[in-house]
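> structure here, sequence nowhere to be found:
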């Protein structure tokens with residue numbers, strides 16, 4: 001499969017694999033599964049929140065946090 005860009009790859013694959021497990025997150029009481037649909041929803045919610053704060057394409061943002069699954073969301 002050929003993609004136009006990273007955004008195209010993200011959109012196509014999160015739709016294609018929407019019900020599949022994207023990642024597992026460890027909690028105190030065990031593990032929880034997160035689907036590609038969950039991941040996609042979180043990416044769009046984050047993007048919406050950043051836009052609401054006035055960020056636009058080309059702006060720079062510093063991210064300070066531990067190693068977490070949310071890093072993938074920030075990349076998109």
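Perfect, I can see it now. Note that the coordinates shown come from a computational prediction; the quantities given were computed from them, not determined experimentally.
> which residue ranges form the strands in the protein?
21-27, 30-35 (DSSP state E).
> now those in CSV, with distance to residue 47?
No exception for glycine: its C-beta is placed from N, CA and C like everyone else's. Below are the strands of the chain laid out as CSV (distance: least, Cβ to Cβ, whole Å):
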stretch, distance to residue 47
strand 21-27, 17
strand 30-35, 18
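> would you format the ones you listed as a markdown table with mean neighbour count and distance to residue 48 included?
Shown next, in a markdown table, are the strands of the chain (neighbours: other Cβ atoms under 10 Å; distance: least, Cβ to Cβ, whole Å):
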| stretch | mean neighbour count | distance to residue 48 |
| --- | --- | --- |
| strand 21-27 | 12 | 20 |
| strand 30-35 | 12 | 19 |
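> where among those is average confidence lowest?
When those are ranked by mean pLDDT, strand 21-27 comes last with a mean of 91.
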